[in-house]
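Asker: Okay, sequence plus prediction incoming.
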Amino acid sequence: MPELPEVEVTRLSFAERIAGARIDAVLVGKPLRWPLGCEVRNLLGQRVLAVRRRGKYLLLDLSEGLLLMHLGMSGSVSFGDTLPAAGKHDHFDMVTSLGTLRLHDPRRFGAVVYASGEDDPVAQKLLGRLGVEPLSEAFDALGFHQLLKGRKTAIKPLLLGGQAVVGVGNIYASEALFLAGIRPTTKASLISKPRAARLHRAIQDVLANAVAKGGSTLRDFSNAAGEAGHFQLEAMVYDRAGLPCRVCAAPIKSIRQGQRSTFYCATCQKP
Ligand SMILES: [Zn+2]
């Protein structure tokens, strides 16, 4: 599943190239998770002014309104002027004066949705409840600690919930908790100020690092038709059950938390 760094790397791979493009045609394939929400003809002739990201949504600012694009479980985006004919998993093609933007999505949990603005109820429904952006200045260590103090749930599902901070998925939550030395089952309210500060820093580091690494692999991705870039994440704990911890060599443990796999080192990560 594309996580925040993958979405950000996707954005970086085409945002500058599509800026200023005029929309000449839009081809909609099989139904995606949500309908487009406007007539295709309303998009024609509009310009793509900029591409932003909020959580795991790509926001394409148009002359009038915006398109919200989500990659769902299996989506990937490509942009170029020499894409092959749409295949059976290509469900959205936007032909512009600077190239074609394509959403490839075999499982069709992704979507492209039109909204008249960010205060449009359609956009509010998708973006309105998202927490603070982890790579922005709005995500500060003190505020993060304050929020944790009020929550009695375990820290890892709290991170995944997206209300404390947006876009920290299963992989990056596990990795950040390892870097911070915090057991995933620790009650959020029991995490001290210094430990919250370490976790805050770890979340930013692990995401920024993934974006930096993806930036190099995605250069090919944006030219290749419809193939998702893949993060070569050197995971410390994620998906390493039974393997030796890279720091202390104790076997990595795996548990289930809220239907999701959690990986941690019982030696390096304290309750
Ligand atoms: Zn360890």
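Answerer: That came in fine, so what should we check first?
Asker: so residue 151 touches residue 157, yeah?
Answerer: No - applying Cβ atoms under 8 Å, one finds residue 151 not in contact with residue 157, separated by 9.9 Å. No exception for glycine: its C-beta is placed from N, CA and C like everyone else's.
Asker: Show me the shaky parts of the protein.
Answerer: For the chain, the stretches with pLDDT under 70 are 215-233.
Asker: Tell me where the stretch 151-271 of the chain has strands.
Answerer: 253-257, 260-264 (DSSP state E, counting those that start in this stretch).
Asker: Would you mind finding the most buried of those strands?
Answerer: Highest mean neighbour count among the strands of the stretch 151-271 of the chain (mean count of other Cβ atoms under 10 Å): strand 260-264, with a mean of 20.
Asker: So is that strand next to the ion?
Answerer: No - using Cβ under 5 Å from the ion, strand 260-264 stays clear of the ion, with a minimum separation of 8.8 Å.
Asker: For the remainder of this discussion, apply numbering that starts at 29.
Answerer: Sure thing, new numbering starts at 29, so read that last one as strand 288-292.
Asker: tell me which strands and helices that strand is in contact with?
Answerer: Contact here means 3 or more Cβ pairs under 8 Å, 6 or more residues apart in numbering; DSSP states H and E; on that basis strand 288-292 packs against helix 183-189, helix 198-208, strand 281-285.
Asker: Give me the sheet partners of that strand and which way each runs.
Answerer: Strands that pair with strand 288-292, judged by DSSP bridges, come out as strand 281-285 (antiparallel).
Asker: For residue 208, which of the strands of the stretch 179-299 of the chain is the nearest?
Answerer: strand 288-292 (11.1 Å; Cβ to Cβ).
Asker: what's next to the closest one, contact-wise?
Answerer: For strand 288-292, the surrounding residues in contact (Cβ atoms under 8 Å, 6 or more residues apart in numbering) are 184-185, 188, 198, 202, 205-206, 211-213, 265-269, 280-284.
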